[in-house]
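K.L.:
the following block contains a protein sequence and its predicted model.
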Amino acid sequence: MPLRMLEDPDTLPALDAAYVRSRPALGLGPLDPAPRILLLYGSLRERSFSRLAVEEAARLLRLFGAETRIFDPSTLPLPDQVPGDDHPAVHELRELALWSEGQVWCSPERHGQITGIMKAQIDHLPLEMRGMRPTQGRALAVMQVSGGSQSFNAVNTLRLLGRWMRMFTIPNQSSIAMAYKEFDEAGRMKPSSYYDRIVDVMEELVRFTVLLRPHAPQLVDRYSERKQAGVAIDPAADLSSIAIAPLGERA
């Protein structure tokens, strides 16, 4: 299975526990079952900083009560390379997207843009698949790593793609400049304002995921799709008609 195993999942050396809310979404919605978060990264290097950043994010999400899965894109073919996308890695990626309630996308910035590996993963996720929606209605957090000075080209593109995939991209984001300076030899992120921002982003992602998930089907219920499918609205069962009716006409 193309899943990345998370080493030392409960070890957070850069985190100051004195300031941590272990359940940042408390009071926003049901916390059981745990929010399900899929994390994608955009580099196949042995020492991939986008992967290392995603792993730090996954550890924080676990601390905040979420269940995480990290997709390993090393065996993923290019879009349209395999007829009908009939490839185990493609199937696994789509199943993980369907499993998820929120996602994290982290790409290196290369030539001012996201990497082809990052884009290939997103391109393998259709808006609709056998009546199911792998991305629509889900919360999304975007991150990037750079080899030079801080930039926001990759996260801006990921935001655009998240909107295209009809996801709810959270306001906060992470951009790590000179990423090679921010991780130790063991691949763990050093304490810094960049790490603190990842903590902020993961807190916010958990909150938005918990807040949105009870309402996800209603949030992606669209007139155009009902019309195309020939699914007429029964006025007797349409609660929204009650909400907009004049007070004197309400039952």
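P.N.:
Structure's in. What do you need? Numbers count the residues shown, from 1 in each chain.

K.L.:
all strands for the stretch 1-150 of the chain, in order.
P.N.:
3-4, 36-41, 67-71, 102-108, 139-145 (DSSP state E, counting those that start in this stretch).

K.L.:
can you count the residues close to Ala129?
P.N.:
One correction, residue 129 is Met, not Ala. By other Cβ atoms under 10 Å, 12 other residues sit near Met129. Heads up, the C-betas are built off the backbone N, CA and C, glycines and all.

K.L.:
sorry, wrong one. I was asking about Leu52.
P.N.:
22.

K.L.:
I'd say it and Ala186 touch.
P.N.:
No. Using Cβ atoms under 8 Å, Leu52 is not in contact with Ala186, being 9.9 Å away.

K.L.:
and the nearest residue to Asp16 once chain neighbours are set aside, what is it in contact with?
P.N.:
With sequence-adjacent residues excluded and distances taken as Cβ to Cβ, 6 or more residues apart in numbering, Asp16 is closest to Pro191, at 8.0 Å. Pro191 makes contact with Pro13, Ala14, Asp16, according to Cβ atoms under 8 Å, 6 or more residues apart in numbering.

K.L.:
possible to save those as JSON lines with pLDDT?
P.N.:
Converted to JSON lines, the contacts of Pro191 look like this (pLDDT from 0 to 100):
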{"residue": "Pro13", "pLDDT": "96"}
{"residue": "Ala14", "pLDDT": "97"}
{"residue": "Asp16", "pLDDT": "97"}
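
K.L.:
looking at those, spot the one nearest Val142.
P.N.:
Proximity of the contacts of Pro191 to Val142 (Cβ to Cβ) peaks at Ala14, which lies at 20.8 Å.

K.L.:
doesn't His124 make contact with Met165?
P.N.:
No. Contact criterion Cβ under 8 Å: Met165 and His124 do not qualify, at 11.6 Å.

K.L.:
what about Ser74, neighbour count?
P.N.:
Using other Cβ under 10 Å, Ser74 has 10 neighbouring residues.

K.L.:
that one contacts Leu44, correct?
P.N.:
Yes. Counting by Cβ under 8 Å, Ser74 touches Leu44, with 5.6 Å between them.

K.L.:
gap between Arg133 and Val210?
P.N.:
To Val210, Arg133 is 19 Å away according to Cβ to Cβ, to the nearest Å.

K.L.:
more neighbours: the two, which one.
P.N.:
The residue with more neighbours, out of Arg133 and Val210, is Val210; 26 against 19, by other Cβ under 10 Å.

K.L.:
who's in contact with the residue nearest the centre of the chain?
P.N.:
Centroid check for the chain by Cα atoms, centre = their mean gives Gln103 as the closest residue, at 1.5 Å. Shown in contact with Gln103 (Cβ under 8 Å, 6+ apart): Ile37, Leu38, Leu39, Leu40, Ala97, Thr135, Arg138, Ala139, Leu140, Ala141, Met167.

K.L.:
the closest residue in space to it that isn't next to it in sequence and Val54: what is the separation?
P.N.:
The spatial neighbour of Gln103 that comes closest, neighbours along the chain excluded (Cβ to Cβ, 6+ apart), is Leu38 at 4.8 Å. In this view, Leu38 and Val54 are 10 Å apart by Cβ to Cβ.

K.L.:
and for those two, which residues touch both?
P.N.:
The contact sets of Leu38 and Val54 overlap at Ile70, Val104 (Cβ under 8 Å, 6+ apart).

K.L.:
in three-state terms, label the residue nearest to Gly29 when sequence neighbours are not counted for me.
P.N.:
Distances taken as Cβ to Cβ, 6+ apart put Val210 closest to Gly29, at 4.3 Å, once the chain neighbours are dropped. The local conformation at Val210, judged by DSSP: H, G, I helix; E, B strand; the rest coil, is helix.
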